[in-house]
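Enquirer: model the following, please.
(chains A and B)
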Amino acid sequence: TQLLEQSPQFLSIQEGENLTVYCNSSSVFSSLQWYRQEPGEGPVLLVTVVTGGEVKKLKRLTFQFGDARKDSSLHITAAQPGDTGLYLCAGEGTSYDKVIFGPGTSLSVIP
Amino acid sequence: SQTIHQWPATLVQPVGSPLSLECTVEGTSNPNLYWYRQAAGRGLQLLFYSVGIGQISSEVPQNLSASRPQDRQFILSSKKLLLSDSGFYLCAWSLGLAGTYEQYFGPGTRLTVT
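Expert: Numbers count the residues shown, from 1 in each chain, chains lettered A, B, ... in the order given. Reported below is the predicted structural model:
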């Protein structure tokens, strides 16, 4: 069974600080997705990384896929209160037709 | 563009009552459809998914069931709700074999069983 772990589970930082959250597995994934969810809403897809070592940037967010395609990281530069939310990673692995979600990192950015 | 609808947005039901949650997708054909449940502030538990009309895969045995009577309609049901069925229910679609399994979520239904 393929599993994804995310760390830290909770993160509270001041506006303007930088942070990195991690998504790890012992299994290889063909791709990894990152989502952000605000309270009371459905998750929204941020990015998909496909190639080992790939780096994608979305404004102040930088996503990296590990060389072995078993892990990924999300780095946020100069965090803003609008970045507050639950960050979920999800992997496409050996199970067809679906993805596997990690438990999420809950981020709170304090003004 | 594609849109996904869920209703109702919130629901309060007594223990033992039936449940029907509906999800519809517009702007795409033959999508994969998914039902997830989420506990407060935590990750998503996949309940059911469907790759076509009448095709349902169950991930977690429980007192819930799902049906797909039309290509872009997905229904989550229960004959008798339990307290443990409370949660945030999310419907999602993906392109499946036509693309990737990137998930596009609806707004969710908050279910409280009392």
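Enquirer: going forward, measure contacts between C-alpha atoms and count neighbours the same way
Expert: Noted.
Enquirer: what about stretch A:44-59, near chain B?
Expert: Yes - interface with chain B: stretch A:44-59 contributes A:V44, A:L45, A:T48 (C-alpha under 8 Å from any C-alpha of the partner chain).
Enquirer: counting neighbours, what do you get for the first one?
Expert: The burial count assigned to A:V44 is 17, neighbours taken as other C-alpha atoms under 10 Å in any protein chain shown.
Enquirer: contacting residues around it?
Expert: Residues near A:V44 by C-alpha atoms under 8 Å, 6 or more residues apart in numbering or on different chains: A:Y35, A:R36, A:Q37, B:Y104, B:F105.
Enquirer: what residue in chain A comes nearest to chain B?
Expert: A:P103 (4.1 Å; C-alpha to the nearest C-alpha).
Enquirer: ok, back up a step: turn the residues of stretch A:44-59 next to chain B into CSV, columns for pLDDT.
Expert: What follows is the residues of stretch A:44-59 next to chain B, written out as CSV (pLDDT from 0 to 100):
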residue, pLDDT
A:V44, 97
A:L45, 97
A:T48, 94
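Enquirer: about what we covered before: give me the secondary structure label for the residue of chain A closest to chain B.
Expert: coil (DSSP: H, G, I helix; E, B strand; the rest coil).
Enquirer: what's the nearest residue to it if we skip its chain neighbours?
Expert: In space, and not counting its chain neighbours, A:P103 is closest to B:G43: 4.1 Å by C-alpha to C-alpha, 6 or more residues apart in numbering or on different chains.
Enquirer: next one: A:F65
Expert: With C-alpha to C-alpha, 6+ apart, the residue lying closest to A:F65 is A:S72, at 4.5 Å.
Enquirer: the one you found reaches A:Y22, doesn't it?
Expert: Yes - judged on C-alpha atoms under 8 Å, A:S72 makes contact with A:Y22 at a distance of 6.1 Å.
Enquirer: which one of those two has more residues nearby?
Expert: Neighbours were counted for A:S72 and for A:Y22 using other C-alpha under 10 Å; A:S72 has more, 27 against 21.
Enquirer: doesn't the more buried one belong to a strand?
Expert: Yes - counting by three-state DSSP, A:S72 is located in a strand.
Enquirer: for it, list each beta-bridge partner.
Expert: A:C23, A:F65 (DSSP bridges).
Enquirer: for chain A, what's the nearest residue on chain B?
Expert: For chain B, C-alpha to the nearest C-alpha, closest residue to chain A: B:G43, 4.1 Å.
Enquirer: what about the most centrally placed residue in chain B, helix or strand, and which?
Expert: Centroid-nearest residue in chain B, with C-alpha atoms, centre = their mean: B:W35, separated by 2.9 Å. According to DSSP states H and E, B:W35 maps onto strand B:32-38.
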